[in-house]
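Trainee: Here you go, sequence then predicted model.
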Amino acid sequence: MNGQKIISVCCTSHNRRDMTLRCLSSLYNQDAVQNGKVILKIFLCDDGSTDGTTNAIQNQFPEVNIISGDGNLFWAKGMNLAFAEAQNHKTDFFLMVNDDVNFNRNMLDLLLMAHESVCKQNKDVAVVGSIKDAITGEWSYGGKNWNKKWFKDVKSTVFPVKPYAKCDLANWNCFLLPYNLAQKVGDIESAYAHAMADYDYSIRILKIGGEIITAGDYVGTCSRNEVKGTWQDLSLPLSQRYKLLHKNTARPKKSYIHYCKVAYGNTWLYWFLLQYVWIAKTSFIYKIREFKNEGK
């Protein structure tokens with residue numbers, strides 16, 4: 001890594017104070033920060049937390065730039081505010097993170113090494129860090145390859161390999177975005193309430209000729225979000241699953257219509273409606289299995 005780098009971290013939080021503090025601690029404890037190779041500037045949107053998140057951050061990490069929300073921003077819009085503020089400051093990279101990740105001390109080194117190995121080819125490249133479950137050790141978030149078929153949308157996991165692997169889509173649990181690439185792609189799309197904004201940005205990177213790669217090893221730990229109680233919970237009644245589908249934290253209609261148009265172009269309506277078919281199909285199969293099990 002040549003010369004000291006400035007990295008602006010963007011994240012958002014809501015009522016998970018201890019988890020947020022743990023994440024911030026793992027960022028400041030990075031080897032690259034401790035040895036002076038990287039200067040971190042952290043921009044955090046606290047979206048109306050009522051658990052004392054802001055006060056705790058100010059006490060433990062007074063250098064963090066806190067942007068206050070009203071509790072109705074959710075992830076995408078909270079990230080948008082943090083990203084907008086970060087762009088007002090000099091930086092070499094933006095690092096998009098989720099505050100539920102506990103980062104390994106070599107996370108920044110891994111991301112920067114992967115970027116350096118490709119940027120020598122004069123390419124606009126973003127780097128996604130792969131996250132695994134702390135208990136099972138299984139991949140939880142990171143990069144995916146995307147194979148669009150008429151009846152099936154296949155997104156396959158890209159596991160970390162050295163020195164890097166190319167991918168099409170990236171979760172923003174850990175995502176290193178060079179300043180110059182961000183200027184070409186632009187802001188986070190404001191149409192999203194919560195989810196899909198990271199995939200949208202991935203698609204826009206590829207559309208301008210940029211690339212996305214994975215770092216050569218896992219960069220931290222984080223469990224996948226719970227399915228129980230969400231629209232993906234097969235045990236819930238069909239009507240309830242449809243209702244949960246349109247929550248702000250899931251797939252509100254306007255957000256998902258916008259994503260389908262970005263991702264699928266003229267066939268967007270087919271893919272938008274397909275989610276309802278999938279929910280009905282999986283609920284029906286679950287009920288049949290339950291009926292068979294009761295008869296045994």
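Mentor: Arrived safely.

Trainee: burial of Gly137, as a residue count?
Mentor: Residues near Gly137, counting by other Cβ atoms under 10 Å, number 10. C-beta: built from backbone N, CA, C; applies to glycine.

Trainee: do Gln240 as well
Mentor: Count around Gln240 with other Cβ under 10 Å applied: 14.

Trainee: Report the buried residues of stretch 19-34.
Mentor: Within stretch 19-34, the residues scored as buried using 16 or more other Cβ atoms under 10 Å are Met19, Thr20, Leu21, Arg22, Cys23, Leu24, Ser26, Leu27, Gln30, Ala32, Val33.

Trainee: Quick check: closest non-adjacent residue to Phe74.
Mentor: Closest residue to Phe74 apart from its sequence neighbours, by Cβ to Cβ, 6 or more residues apart in numbering: His194 at 4.1 Å.

Trainee: just curious, which of the buried residues of stretch 19-34 is nearest to Trp172?
Mentor: Taking Cβ to Cβ as the measure, Trp172 lies nearest Cys23 of those, at 13.4 Å.

Trainee: how about the closest one, what does it touch?
Mentor: Contacts for Cys23 (Cβ atoms under 8 Å, 6 or more residues apart in numbering) come out as Cys11, Val97, Asn98, Asp99, Asp100, Val101, Asn102, Phe103.

Trainee: now the residues you listed as CSV including secondary structure?
Mentor: Shown next, in CSV, are the contacts of Cys23 (DSSP: H, G, I helix; E, B strand; the rest coil):
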residue, secondary structure
Cys11, strand
Val97, strand
Asn98, coil
Asp99, coil
Asp100, coil
Val101, coil
Asn102, strand
Phe103, strand
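
Trainee: Please pick the buried ones from the residues you listed.
Mentor: Buried among those (16+ other Cβ under 10 Å): Cys11, Val97, Asn98, Asp99, Asp100, Val101, Phe103.
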